[in-house]
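# Predicted coordinates and the sequence they were generated for:
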There are 2 protein chains.
Amino acid sequence: MTSPTATAPRVPARDRLLRAASELFYEDGINATGVERVASQAQVTKATLYNNFRSKDELIAEYLSLGLTAATAWMEQINRDEPTPQRRLSAMFEQLADDVRLGRFHGCPFASAAVEVPQSKAAMVQVRKHRAMQLEQISQMVGGHESKAELILALYDGAMIAMKSGAGADTIGRARDASIQLLDTPG
Amino acid sequence: MTSPTATAPRVPARDRLLRAASELFYEDGINATGVERVASQAQVTKATLYNNFRSKDELIAEYLSLGLTAATAWMEQINRDEPTPQRRLSAMFEQLADDVRLGRFHGCPFASAAVEVPQSKAAMVQVRKHRAMQLEQISQMVGGHESKAELILALYDGAMIAMKSGAGADTIGRARDASIQLLDTPG
DNA sequence: TATTTGCCATACCGGTCGGTATAGCTAGAC
DNA sequence: GTCTAGCTATACCGACCGGTATGGCAAATA
């Protein structure tokens, strides 16, 4: 064994910091979360945080980059596992509904970052890459109709906004149905 | 005349404060804007600000309340001036496109507030009222189809998110067309 | 004319922010 | 066994935050 008493799996401090940042930035907001809280939640001191990241901005950008990787894997898996456009879109919206039901949903982390971080910062690069990825994956879901993908994404984002503005959970189902109906319309 | 030299129209400090808050909160963000900057932009001292508002939270809530009033008047006017559902929806999306073109668009102020302010605060009341108003007005635009209104609003919110995430201006036009097409679909 | 009201200016409060400096410890690699 | 890298702990920095206190001035009201 790597450690005499084997008390912990020895996760590198950097990984713990990113995991803590992801939780806190997403649940409490980026600006509302100080670097000190990120460090303490990762059971690490602030000095260690600044040994691993140049600045809070860099930590934010890497948090979003990690989220982009996860979101990409998720959508790729839907494209892999679900055989039809209908089922793919359903899976996408149902995941959102599940998150809402379980109290895990606090808005799209990329949309939130676009609000909380100045437009100039490195974080916005991740926001734009995320949108491009979504368009590409949804386009693939529906068989290459790029203009339809754009509308489906708008419905999806709109549903998330609605959930943060007091809408009932059935709003997601109606957005899902509309996006599926959209498949059969010309254009 | 009300003032001997008539140097200024004598706008009350409270109005100037709200106008300054609206500009700064919307353009730079709520958390990024300190009360001192609001006061100085209103050509007023911080003491005067706190003579007119109990706290920054109250200032935020009144800023949103003012925005709600303005947004309501705008949508009512569209319903009054435009004769058909198509023209009403077009007017709505075109206004957004105009704001983007003129560089006046920085996201939906209510969606941004929902991100920047803790869910518990008084500001969230305005956010929910704003969504309810939008649903009511859009429903009126399209002749009372409430479920269609919800989808049109989702498309509208989605288009705004898209604009903050690097989308091209033509995205708004496609969302507009889709919302109009939605009028002719059954359901 | 006397009083009140609204705004002025300034200075201050405790707290938190992002970020840095110093110094010591410990474990793995050579 | 020695060295190095990565972690620990603590203390500090200047800047800004929201909010308060004091005191004075000018104009409208009575």
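Yep, that arrived.
# elements contacting the lengthiest helix in chain A?
The longest helix of chain A (DSSP state H) is helix A:56-81. Helices and strands touching helix A:56-81, as assessed by 3 or more CB pairs under 8 Å, 6 or more residues apart in numbering or on different chains; DSSP states H and E, comprise helix A:13-28, helix A:35-41, helix A:85-101, helix A:109-116, helix A:123-141. The C-beta positions use only the backbone N, C-alpha and C, and glycine is treated the same way.
# Relative to DNA strand C, how far out is A:Asp170?
Computed as CB to the nearest atom of the strand, to the nearest Å, the A:Asp170 to DNA strand C distance reads 37 Å.
# count of neighbours near that residue?
A:Asp170: 11 surrounding residues under other CB atoms under 10 Å in any protein chain shown.
# Report the buried residues of the lowest-mean-pLDDT helix or strand in chain A.
The helix or strand of chain A with the lowest confidence, counting by mean pLDDT, DSSP states H and E, is helix A:46-52 at a mean of 90. The neighbour-count check on helix A:46-52 (16 or more other CB atoms under 10 Å in any protein chain shown) flags A:Thr48, A:Leu49, A:Asn52 as buried.
# Give me every residue in chain A lying close to DNA strand C.
A:2-3, A:33-37, A:46-47, A:50, A:55-57 (CB under 7 Å from any atom of the strand).
# out of the residues you listed, which are buried?
Using 16+ other CB under 10 Å, the buried ones in those are A:Thr33, A:Val35, A:Lys56.
# tell me the contacts of the second one?
Which is A:Val35. A:Lys46, A:Leu49, A:Lys56, A:Leu59 (CB atoms under 8 Å, 6 or more residues apart in numbering or on different chains).
# The residues of chain A next to DNA strand C also near DNA strand D: which ones?
Checking the residues of chain A next to DNA strand C against DNA strand D (CB under 7 Å from any atom of the strand), the matches are A:Lys46, A:Ala47.
# between the residues of chain A next to DNA strand C, which is closest to DNA strand D?
Ranked by distance to DNA strand D (CB to the nearest atom of the strand), the residues of chain A next to DNA strand C are led by A:Ala47 at 3.7 Å.
# how close does that closest one get to chain B?
27 Å (CB to the nearest CB, to the nearest Å).
# since we're on the residue lying closest to A:Ile138 once chain neighbours are set aside, how many residues are nearby?
Distances taken as CB to CB, 6 or more residues apart in numbering or on different chains place A:Ala149 nearest to A:Ile138, at 4.1 Å, with adjacent residues excluded. Neighbours of A:Ala149 under the rule other CB under 10 Å: 21.
# For chain A, which residues are neighbours of DNA strand D?
So far as CB under 7 Å from any atom of the strand goes, chain A lies against DNA strand D at A:Pro12, A:Ala13, A:Arg14, A:Gln43, A:Val44, A:Thr45, A:Lys46, A:Ala47, A:Thr48, A:Asn51, A:Asn52.
# now, the most widely separated pair of these?
Farthest pair in those (CB to CB) is A:Pro12 and A:Lys46. Separation: 17.1 Å.
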